[in-house]
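Q: For reference, the sequence and a predicted model appear below.
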Amino acid sequence: MGSTAALKELQGDLENKANDLSKLQKDIAKNHQVRKKYTIQLGENELVLKELDLLNDDANVYKLIGPVLVKQDLAEANANVRKRIDYISAELKRLDATLQDLEEKQNSKKEAIFKVQQRIQSLQAGKGKA
């Protein structure tokens, strides 16, 4: 009778760990989506910066604000794009650190699940022999 209770407890533990693993995997997928968005934005902003660098100092630069194009100083536009690139780069570094942490948690959760599965199998094997 004791092994049946232990088996049920282990199965409940296994289910909890599997739910935790599933949540971690969803968080990792979300992190990848956000990272992809920022990577695209970084590429776009680097392209804008290259375009701004090609312009003469007296060139007219316009910024889209809502439905209106507003004239903007070239130096100001350059500074704004560089700030955006710095911000996006910092966010990507933060996301990388978060992803690494999530992957480490995922790996430890997988190991814990594997150990519980082994204990369940050994209990079932012992029960079959009895």
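A: Looks like it arrived, so ask away.

Q: quick one, what contacts the most centrally placed residue in the chain?
A: The residue lying closest to the centre of the chain (C-alpha atoms, centre = their mean) is residue 31, at 1.7 Å. Contacts for residue 31 (C-beta atoms under 8 Å, 6 or more residues apart in numbering) come out as 95, 98, 99, 102. The way it works is simple: take the backbone N, C-alpha and C, and place the C-beta from them, glycine included.

Q: Pull out the buried residues from those.
A: 95, 99, 102 (16 or more other C-beta atoms under 10 Å).

Q: Tell me the one of those residues nearest residue 16?
A: Nearest to residue 16 among the buried ones among the contacts of residue 31: residue 102, at 18.3 Å, using C-beta to C-beta.

Q: Which helix or which strand is home to that closest one?
A: Assignment of secondary structure by DSSP states H and E places residue 102 within helix 74-129.

Q: Which neighbouring elements make contact with that helix?
A: Helix 74-129 is packed against helix 2-54, strand 61-65, with contacts defined by 3 or more C-beta pairs under 8 Å, 6 or more residues apart in numbering; DSSP states H and E.

Q: ok so, going back, any chance of the buried ones among the contacts of residue 31 in TSV, plus distance to residue 118?
A: Listed next are the buried ones among the contacts of residue 31 as TSV, based on distance: C-beta to C-beta, whole Å:
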residue	distance to residue 118
95	35
99	29
102	25
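
Q: Output the residues you listed as CSV; include the columns distance to residue 84 and pLDDT.
A: Below are the buried ones among the contacts of residue 31 laid out as CSV (distance: C-beta to C-beta, whole Å; pLDDT from 0 to 100):
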residue, distance to residue 84, pLDDT
95, 16, 97
99, 22, 96
102, 26, 96
